[in-house]
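Novice: Structure for the following, please:
(chains A and B)
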Amino acid sequence: MTSFRCHDLAIVCTLALFVAYPVRANSADPQTIVLASTTSVENSGLLARILPQFTKETGIEVRVIAQGTGQALATAAHGDADLVLVHDPEAEAKFMASGDGLTRQEIAWNDFIIVGPSADPAHVTGTRDVVAALTTIAAAKVPFVSRGDKSGTDALEKRLWKAAGLNPAAVGDGWYRDIGGSMGAALNAAAAMGAYTLSDRGTWLSFGNKAGMTSVLEGDPRLLNRYDVILLNPQTHPQAKQVSAQRFASWLEGPNGQAAIADYMIAGKSLFHPEADPKP
Amino acid sequence: MPDILNSIRVAFGLLVGFDTTLLHVVVLSLTVSLSASGAATVCGLPLGAALAVFRFRGRHLVILLANALLGLPPVVVGLGLYLLLSRSGPFGRLGILFTPTAMIVAQFMLVLPIVVALSHRAMVGIWRDYGDDLLVSGASRFRAIPHLLSIGRLEALTASLAGFGRSVSEVGAILIVGGNIAGYTRTMTTAIMLETSEGHLGFALALGLVLIVISIAVNACAFGIEARARRVTPREAA
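Specialist: Numbering: from 1, shown residues only, chains lettered A, B, ... in the order given. Got it, this is the predicted structure:
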């Protein structure tokens, strides 16, 4: 009759070692805060670039949960984040009105662009009027990829279609494709389908799979993309780490944070303007 | 196919290069999936064996449930656990959402049914062959469970490795409860998701190849240990 022997013990010990592996820092540590943010500031590499500088100056570690603006605000409303950095003015206003937010401050901006196949089958290039361009794309029935994920970009896209007096989702003849995914997923899909899509400039510039796609429209003032940092209301969210969150927000708004944002470039191009830069 | 060839080259570079960021991601991946599958093994094997040894009311229901849960969708487990662990949920006070602990819990829930169902199925056959001997030699049914598992340890290992395979390849649950935080809850699978969405498809594929190599290495280690064990105590001696 066999019984458990040394090797079994060895296996169990090895497993136990992994179970006991120190799971770094617990979430009650005031020196770590959770930032609910949008995929655009994460995917563009901005946060990875500026956060080490903030941590070096203050010793506060920022953990970033990158989600669409809608989901990021929901995460914060559930009490699972210490502050938010998002880009959908309408959704943010609702968040403030519901008593979840305490202060809201713009920290950076850039713009949205329409990207599409280099061949530009809907002949959009040349116009600066984004609503006219969307109308043209709809009339030509060239594929258009929509995020469809309640993100800030998705919300703007829906507002632009509304301004054009169109409801493409209701038409259902196949050219309007709601992929329900991140900006990167939408760009990958657009590249694969030869479709147009609305993208924030930061994600587009840092995107690695542009495969035959180019920016076909930019410069319409309606395509302004502002990023706001929102501190949570301590009355509704007593668990939020107010002090550290406040320090991070102040840093972003202050000279060091603004300089770090302005300095972030890819291939010589700025991805984000500091808040004080004049808007178009 | 130049893309794929290039990915293989990049993957090889990553494997020999020991990039510290990647190393951290790999260690976290292994920590989370080995912890989850280890804990599920410790709980699941005795459970699976007990289901083979004991006869009790509701036994068939438990077996049916374990088998049905083999196909548990990770994203549903992630979402359910998110609602439980959220600050506004019943276990919010624990403060473990968006930590590796939450990821281990999520994967434990995914792996447990696999270990229970697979070990039960194997132990039924072994109990049929050895059960009478085990009981005749004076052990109670309860005390027979470790012996049964020892006899069927190759099958037990297979169940455990199937669980590990599920956890190390899983992304849906840990993305929701872990949050894919750089340097803290980013694992191989969530990093692959992120690189894909950043359009770095070649690098994402290279990470995938690294993950496959690691997974093969873990399985090879486990089977290596088992093979040595078998040389020491062949089953026939039982």
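Novice: Pick out the residue of the stretch 101-250 of chain A closest to chain B.
Specialist: Closest contact between the stretch 101-250 of chain A and chain B, by CB to the nearest CB, is at A:Gly184 (2.9 Å). C-betas here are computed from N, CA, C, even on glycine.
Novice: Stretch A:88-104 close to chain B?
Specialist: No. Stretch A:88-104 lies out of reach of chain B by CB under 8 Å from any CB of the partner chain, never closer than 11.5 Å.
Novice: quick revisit: give me the neighbour count for the nearest residue to the residue of the stretch 101-250 of chain A closest to chain B once chain neighbours are set aside.
Specialist: The shortest distance from A:Gly184 to any non-neighbouring residue, by CB to CB, 6 or more residues apart in numbering or on different chains, is to B:Ser197 (2.9 Å). Around B:Ser197 there are 24 other residues, counting by other CB atoms under 10 Å in any protein chain shown.
Novice: Over to B:Val136?
Specialist: 8.
Novice: OK, contacts around it?
Specialist: For B:Val136, no contacting residues are found, by CB atoms under 8 Å, 6 or more residues apart in numbering or on different chains.
Novice: Look up the pLDDT of it for me, please.
Specialist: We have a pLDDT of 84 for B:Val136.
Novice: The host helix or strand of the residue of the stretch 101-250 of chain A closest to chain B packs against which elements?
Specialist: Using DSSP states H and E, A:Gly184 sits in helix A:183-193. When contacts are defined as 3 or more CB pairs under 8 Å, 6 or more residues apart in numbering or on different chains; DSSP states H and E, helix A:183-193 sits against helix A:39-43, strand A:101-117, strand A:144-146, strand A:196-200, helix A:201-206, strand A:213-217, helix B:188-197.
Novice: Quickly run through the sheet partners of the third one, with directions.
Specialist: With DSSP bridges as the criterion, the sheet partners recorded for strand A:144-146 are strand A:176-178 (parallel), strand A:196-200 (parallel).
Novice: which residue ranges form the strands in the chain?
Specialist: In the absence of a named chain, this looks at chain A. A:32-38, A:61-67, A:83-86, A:101-117, A:144-146, A:176-178, A:196-200, A:213-217, A:224-232, A:265-266, A:269-270, A:273-274 (DSSP state E).
Novice: can I get the ones you listed in TSV with mean pLDDT, distance to A:Ala169 and mean neighbour count?
Specialist: Output for the strands of chain A, formatted as TSV (pLDDT from 0 to 100; distance: least, CB to CB, whole Å; neighbours: other CB atoms under 10 Å in any protein chain shown):
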stretch	mean pLDDT	distance to A:Ala169	mean neighbour count
strand A:32-38	95	22	26
strand A:61-67	95	22	23
strand A:83-86	96	23	28
strand A:101-117	96	18	21
strand A:144-146	97	8	25
strand A:176-178	95	6	18
strand A:196-200	96	14	26
strand A:213-217	96	21	19
strand A:224-232	96	22	22
strand A:265-266	90	33	12
strand A:269-270	88	33	12
strand A:273-274	95	32	20
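Novice: Need the ones you listed in JSON lines (columns: distance to A:Ala170).
Specialist: Listed next are these as JSON lines, based on distance: least, CB to CB, whole Å:
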{"stretch": "strand A:32-38", "distance to A:Ala170": "27"}
{"stretch": "strand A:61-67", "distance to A:Ala170": "27"}
{"stretch": "strand A:83-86", "distance to A:Ala170": "28"}
{"stretch": "strand A:101-117", "distance to A:Ala170": "21"}
{"stretch": "strand A:144-146", "distance to A:Ala170": "13"}
{"stretch": "strand A:176-178", "distance to A:Ala170": "9"}
{"stretch": "strand A:196-200", "distance to A:Ala170": "19"}
{"stretch": "strand A:213-217", "distance to A:Ala170": "24"}
{"stretch": "strand A:224-232", "distance to A:Ala170": "27"}
{"stretch": "strand A:265-266", "distance to A:Ala170": "38"}
{"stretch": "strand A:269-270", "distance to A:Ala170": "38"}
{"stretch": "strand A:273-274", "distance to A:Ala170": "36"}
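Novice: returning to that earlier point: and of the helices and strands packed on helix A:183-193, who's closest to B:Leu45?
Specialist: Comparing the helices and strands packed on helix A:183-193 against B:Leu45 with CB to CB, the closest turns out to be helix B:188-197 (25.6 Å).
Novice: Now do the closest one: everything it contacts.
Specialist: With CB under 8 Å, 6+ apart as the contact definition, helix B:188-197 has outside contacts at A:39, A:43, A:181-185, A:188, B:25-26, B:29, B:168-171, B:174-175, B:178, B:180, B:186, B:201, B:203-204, B:207-208, B:210-211, B:214.
Novice: residues in contact with B:Tyr82?
Specialist: By CB under 8 Å, 6+ apart, the contact set of B:Tyr82 is B:89, B:97, B:176-177.
Novice: How about the secondary structure of it?
Specialist: Look at B:Tyr82: counting by DSSP: H, G, I helix; E, B strand; the rest coil, its state is helix.
Novice: And it, how far from A:Val64?
Specialist: 17 Å (CB to CB, to the nearest Å).
Novice: and if you look at A:Glu92?
Specialist: 18 Å.
Novice: which stretches of the stretch 151-280 of chain A have low pLDDT?
Specialist: Of all residues in the stretch 151-280 of chain A, none has pLDDT under 70.
Novice: can you list the residues of it near chain B?
Specialist: Neighbours of chain B within the stretch 151-280 of chain A, by CB under 8 Å from any CB: A:181-185, A:187-188, A:191, A:206-210, A:239.
Novice: rerun that using 10 Å as the cut-off
Specialist: A:181-188, A:191, A:203-204, A:206-211, A:237-240 (CB under 10 Å from any CB of the partner chain).
Novice: Thanks a lot, see you next time.
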